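Trainee: I'll drop the sequence and a predicted model, then ask my questions.
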Amino acid sequence: MQTSQYARYLVLLTSGVLAFFSVASLTRIGVNPEAAGWVAIYAFIMLIEAGALLLCYYRLPRQKKFIFWLTFIILALNIILPVFDQIGLADVLFILLNMATLALLYSSRKDFLPA
């Protein structure tokens, strides 16, 4: 299997992880009722991001610059933004997943970008 296919599968996995985190956040909304509004907003943003990555997964083989760079930016933000919050094991694993995906995506950029 090609590196580009592994990169796409990791994009799909990242999308699934984000969707899981979104739903998990919503199920725990009753734990801290004072922060329920913010938790709902963050969960909604994660769900939108999961949808964007799912769209990128399907569109990457079409070799559009916009889709490649959108995927790249989303993954880079997923690496940078958790640093500004409390970092736990789940955050570290999520950052590592995004780093691996970003590295594979970048190394196979010739397959995703037009000639």
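Mentor: Cool, the structure landed.
Trainee: ok, now which ones touch the residue nearest the centre of the chain?
Mentor: Among the residues of the chain, the smallest C-alpha distance to the mean C-alpha position (Cα atoms, centre = their mean) belongs to Thr14, namely 4.6 Å. Taking Cβ atoms under 8 Å, 6 or more residues apart in numbering, we find Thr14 in contact with Leu53, Leu75, Asn78, Leu97, Asn98, Thr101. Where C-beta positions appear, they are placed from N, C-alpha and C, glycine not excepted.
Trainee: Any stretches of this structure with poor pLDDT?
Mentor: Counting by pLDDT under 70, the low-confidence segments of the chain come to 1.
Trainee: Go again with 80.
Mentor: The chain contains residues with pLDDT under 80 at 1, 30-33, 35, 115.
Trainee: element containing Asn78?
Mentor: Using DSSP states H and E, Asn78 falls within helix 65-80.
Trainee: The helix or strand just after that helix to helix 65-80, inter-axis angle?
Mentor: Sequence order places helix 89-107 as the next helix or strand after helix 65-80, per DSSP H and E. For helix 89-107 and helix 65-80, the angle between their directions (axes from the mean of the first three to the mean of the last three Cα atoms, to 10 degrees) works out to 150 degrees.
Trainee: Point out the other helices and strands that helix 89-107 packs with.
Mentor: Using 3 or more Cβ pairs under 8 Å, 6 or more residues apart in numbering; DSSP states H and E, the elements in contact with helix 89-107 are helix 3-27, helix 65-80.
Trainee: Go through the first one and flag the buried ones.
Mentor: Right, the one you point to is helix 3-27. Residues of helix 3-27 classed as buried under the neighbour-count rule (16 or more other Cβ atoms under 10 Å) are 4, 6-8, 10-12, 14-15, 17-19, 21-22, 25-26.
Trainee: How much space separates Ala28 from Ala40?
Mentor: Small correction: residue 28 is Arg, not Ala. Taken as Cβ to Cβ, to the nearest Å, the spacing of Arg28 relative to Ala40 amounts to 11 Å.
Trainee: and if you look at Leu75?
Mentor: 25 Å.
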